[in-house]
Every structure is written in C-alpha cells, then in structure tokens.
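[1] just coords:
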C-alpha cells in the first residue's frame, strides 16, 4: 500500500504546532504524507498445513531477498550492518519455529506468523537486558515485512513527492532506506532520537522529529518540520513558509571552504566521517582538514571477506581523493549491531558488551593481518593513520601494535613497499577514558555515541531511555575533558567523531572541554563551521563542564 497524501476535499485546517524531540537537524517544508500502518494478519481461513507451510517459507525467502537487495544497494556501512543483522535474525530457524508449529496445529500462515512474532516481540520489549529491548524494533520490522509478503504486497514505498514530510507511528531502518529522500523530513509519533533510523537520518541529512504523540493530519496538506527545535507545524502560515530557514543554509555554505576559526581566532580542525568511498564522488577536499574516520565495515558486507588487494586499492583511492590531507582508517568494527556471518560470534547474550571491534580483530588474527598489510601498503602513498575501535585496556593496543609490526615485517621480507603508520585508538569505553594516561596511542578519537550509552547505561536506540542517553550530560563531558587534557599534555591530537561533533548546539561544549578537532559527515561541515565561528572561547570561561 503506497503512502497517501494527508488531505481531504474539505477546507484546510488551521495552523497547528506539535512539539516533540529533535532527532536529526535541519528544516523542511513540503507536502504532508502519511505512511500507512502495515497489513494486519486478516481473517484467513485455515487450510492445508503443508500448503500454509510452503506459503510462509516462500514469504520468508521473499523478505530475505528484499533485504539482501537493500543491503547491496545501500552506500552506508552502518546501514548495511543494520540490514545484515535483520537478515541474520530472519535466517535463524528459532525465529520462525513457533509460527511453523502453529501452522502444523491448523493455523493459517498469516495468523501463525503474526501471533508467533507478536509473542516474541512482547518478550523482547519486556526483557531486562537492554540489548534484547533494543532489538524489538528489528523484530517488528521483520514481522511487518514477512506479513506484507504473505499478502502479496510490495514493502518498498514508491517515490515520495519532492520535499515530502513523512508522518508515521515509527519508522524501521529498512523502510527508511527504501524511500527516496529528495528533501523533506520525518515526523514520528513515537520513536527515539538515539535509534538506528535517527542515525541514518542524520547521516543522510534528513530532518527528523520524534515523540510527537498522535499526529492527526486530516485536513492538512502541507507541514513545516524543524529538526533543531523538535517541532512539526501543520498548515504553516505565510510567516513560517517565508522564514530564512526555509530558503536554505546560505550562510553555512559560504563558510564551507574557509578554515574553521572561533570568534576569537582559535583554529579548529574539521574532519570528515566516511562510511563508503562513494561519498567521495563530487566531494571537494578543500572543505575539510582531512578524514577523522573511515568506517571499513562496508568492505565486509558481502558474502566473502575482502582480500588484501581489494582493501589496498580502496584505501589508496581515499588517500588520492583527499589530496595530501591526513586520513584515519578505522579497522573493522564488527559486532554489536553489526554482525558478519561467519566472523562475529553467534549467540552472545549481549553483543554490545561482547567480542566486537578490536576484540574481534585480535581474536581473528588471520583477518586482522590482511587488513593491516593493506593499510601499511597504502600508507606508503600518503598520510594514512590507523584507528582501532573498542579499545578497553592498554594490552590491546600493545597487541595491535605488535600485529602491525609483524605485518610490516612480512611485507619487507617480500620486498613490498609499505610504511608503518601512526596508530590511534577510539575512546568509547569508559575504562579507557578513565585510564587514558596509560595508553601509548599516537592520537585519540572520542566516539561519543558508544561512550554515552556505556556511561549512562542507556541504549542509543531505545526510546524509553532516550532522555538518559545525553552526550552533553556532566558525566560524559567530564570524561571528554579528561581525555582532551591528556592529549594537550602529551602533545597528541584528540578529536570527537560521534554524532555530538555534528550537532551545532554541542560544538561550544566540546570546545570548552578542550576539543580542537571535530569529525562529522560531509553534509554537516557548513553548519558546524558556522557554530564554531559564532562561539568565543574568551567569553566562555566556566561554561561547558556542567549543565
């Protein structure tokens, strides 16, 4: 069922403003579109169990094929990981077994799937373990997708009208990826600003507001969405439609190619986050001071692990595109919500606290060595740096450095050109932030997404605790400040590469904490440079450490 325009033949309703929570910055005005609720199981009569089993199995295969096509088409490594996780769930026989058991007992396929997944969904939502609660959104997405396949419906919506403001109760990551976002924005009755779909919206530059409550769109045809203020205005008046924000970020664009300076002349490095080399297409490297993090998970999204030559070619291409600017390439950060079949462990009770990031690389030295060899070879052709994710104790950094030197020695024995690049660590585990002085890293990059969820014990994709997962909380800011001060004492660069670095309202807090390098998505460079230019460090004494 396609999205429908939220209007009737009746007279337009009066202006109505709804307040929610900001999830992705930006401003958009456009036609209002409501995403219909997924199909219900219907009242299908019970039939032959063998036939019903065949029908459900075919629907599951169809859903897997759709997800596979979606994962192949996406250019974002994080998005591909999210879809891969859903595929792994759907391929697990334990998920569908209760539905097939109900079919054997005489239930029709649609009802069996609906009731079986509904029961599991209730268990996930009520679980004490936050990891299982976070996965409830994925389970709901799979429930709806297979049910739609059973009804012979396309789950991918047709192209939205240009600039459309999409309203829904919530939005699954796969649904987001199926839609063509040519402007516009997202307004959700529920949802979370720390959810997977919010992360995708920020990466794609789609304004998004969540927690709006019931959105009654009858009679309204146009809406204005403010992703910074967290508001949705139905039937906006002339003043709202003609506001400077509706015309676009012209002032921000003017700052794109200028060095980032605070109002009192303090230089700040602006680096880029890259999830896929295709983001370099058409990119002018003069807008940045380099790349703060290249997420290499995109290389591992296929059926086979990437070989050394494949990785080396891509790393060299990134270096060439940045025209002599430093590029930090993060080693594989799989695990958690980014599983890789055959590589990440199966059956971990809480993968966010399991074998992920550098832990996985050290557990799989064969895979790690291939990536280190490719990185060392590429480093001979430009200022490449290696960034290690999910580092917890100094011994892990020591082991990774030893593995890098072993890879370099093997290249030397083969007469292959290479260079041992600087080795930095992600500071995203509280244990590392609290003990940062013991890490002999060449540079540091603070991942505020994971650091915040670990410090606050609040999953970043769980709406019920979204208010606790605040990167600007005093506890998180204190750790950021400690790491920044250590970097200043040690004479090494400390950057922030989490979502916090891309949010204009948080830039002053990071500057006051001592951060002088921010890494963010290319589309946010203008806005962040504008926030830097508007802030005076000399006038901010005593600010930023507490709220």
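    Happy to help now that I have it. Because the structure is predicted, anything quoted here is derived from the model rather than measured.

[2] tell me the mean pLDDT over the strand ranked longest in the chain?
    Using DSSP state E, we find that the single longest strand of the chain is strand 27-34. For strand 27-34, mean pLDDT is 88.

[3] Beyond that strand, next helix or strand please.
    For strand 27-34, the following helix or strand on the C-terminal side (DSSP states H and E) is helix 49-73.

[4] Against which helices or strands is that following helix packed?
    Identification of packing neighbours for helix 49-73 by 3 or more C-beta pairs under 8 Å, 6 or more residues apart in numbering; DSSP states H and E yields helix 77-91, helix 93-104, helix 109-126, helix 136-150, helix 173-178. Every residue, glycine included, has its C-beta placed from N, CA and C.

[5] Could I get the buried residue list for it?
    For helix 49-73, the neighbour count (16 or more other C-beta atoms under 10 Å) marks 49, 52-53, 55-56, 59-60, 62-64, 66-67, 70-71 as buried.

[6] re the thing from before, can you spell out which helices and strands pack onto the longest strand of the chain?
    strand 4-5, strand 165-168, strand 222-226, helix 244-247.

[7] worst average pLDDT in the ones you listed?
    strand 4-5 (a mean of 52).

[8] Give the pairing partners of the next helix or strand along the chain from it; include direction for each.
    Note on strand 4-5: by DSSP H and E, the next helix or strand toward the C-terminus is strand 16-19. If you go by DSSP bridges, strand 16-19 pairs up with strand 231-234 (antiparallel).

[9] Tell me which residues are up against the strand it pairs with.
    13, 15-20, 32, 165, 167, 187, 209, 212, 215, 217, 220, 222-226, 240 (C-beta atoms under 8 Å, 6 or more residues apart in numbering).

[10] I'd like the average pLDDT over it.
    Mean pLDDT, strand 231-234: 92.

[11] Okay, domains of the protein per the record?
    Domain assignment of the chain by automatic domain parsing yields the ranges 12-31+157-245, 49-150, 262-533.

[12] Lowest average pLDDT across these?
    The stretch with the lowest mean pLDDT among the domains of the chain is domain 49-150, at a mean of 80.

[13] For residue 443, what are phi and psi?
    With angles defined as degrees, to the nearest 10, residue 443 sits at phi -160, psi 170.

[14] Could you give the number of residues near the residue lying closest to it once chain neighbours are set aside?
    Spatial nearest neighbour of residue 443, excluding adjacent residues (C-beta to C-beta, 6 or more residues apart in numbering): residue 424 at 3.9 Å. Residues contacting residue 424 under the criterion other C-beta atoms under 10 Å number 26.

[15] Distance of residue 424 relative to residue 80?
    24 Å (C-beta to C-beta, to the nearest Å).

[16] now residue 529
    30 Å.

[17] Which one's more surrounded, these two?
    More neighbours surround residue 529 than the other of residue 529 and residue 80, with 27 against 24 (other C-beta under 10 Å).

[18] and that one, what does it touch?
    Contacts for residue 529 (C-beta under 8 Å, 6+ apart) come out as 252, 255-256, 258, 260, 270.

[19] Residue 356 falls within a helix, correct?
    No. Counting by DSSP: H, G, I helix; E, B strand; the rest coil, residue 356 falls outside a helix, being coil.

[20] Phi and psi next, for it.
    Residue torsions, per degrees, to the nearest 10, at residue 356 are phi -140, psi 160.

[21] so how far is residue 338 from it?
    Per C-beta to C-beta, residue 356 is found 8 Å from residue 338.

[22] Same question for residue 270.
    26 Å.

[23] repeat for residue 275
    Using C-beta to C-beta, one gets 11 Å for the distance from residue 275 to residue 338.

[24] Can you tell me the SS state at the residue nearest to residue 183 when sequence neighbours are not counted?
    The shortest distance from residue 183 to any non-neighbouring residue, by C-beta to C-beta, 6+ apart, is to residue 163 (4.0 Å). Using three-state DSSP, the structure places residue 163 in coil.

[25] Which residues are in contact with residue 163?
    Contacts of residue 163 (C-beta under 8 Å, 6+ apart): 28-31, 182-184.

[26] Mind doing that once more with 6 Å?
    30, 183-184 (C-beta atoms under 6 Å, 6 or more residues apart in numbering).

[27] neighbour count winner among residue 270 and residue 338?
    Just comparing residue 270 and residue 338: by other C-beta under 10 Å the higher neighbour count belongs to residue 270, 26 against 23.

[28] From residue 259, how far out is the more buried one?
    For residue 270, the distance to residue 259 - C-beta to C-beta - is 9 Å.

[29] Now the spatially most central residue of the chain: which helix or strand?
    Centroid check for the chain by C-alpha atoms, centre = their mean gives residue 199 as the closest residue, at 3.9 Å. Using DSSP H and E, residue 199 maps to helix 196-204.

[30] now that helix against helix 77-91, angle please.
    On the basis of axes from the mean of the first three to the mean of the last three C-alpha atoms, to 10 degrees, helix 196-204 is oriented at 150 degrees to helix 77-91.

[31] Which SSE is immediately downstream of helix 196-204?
    strand 208-210.

[32] List the contacts of that following strand.
    Strand 208-210 is touched from outside by 20-21, 23-24, 186-188, 191, 193, 201, 227, 230, 232, with contacts defined as C-beta under 6 Å, 6+ apart.

[33] re the thing from before, if any of the contacts of residue 163 are buried, put those into a ChimeraX selection.
    In ChimeraX syntax, the buried subset of those is picked out as below (16+ other C-beta under 10 Å):
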select :30,183,184
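
[34] Which one of the contacts of residue 163 is nearest to residue 393?
    Using C-beta to C-beta, residue 184 comes nearest to residue 393 of the contacts of residue 163, at 45.5 Å.

[35] is it true that the closest one touches residue 28?
    Yes. Contact criterion C-beta atoms under 6 Å: residue 184 and residue 28 qualify, at 5.3 Å.
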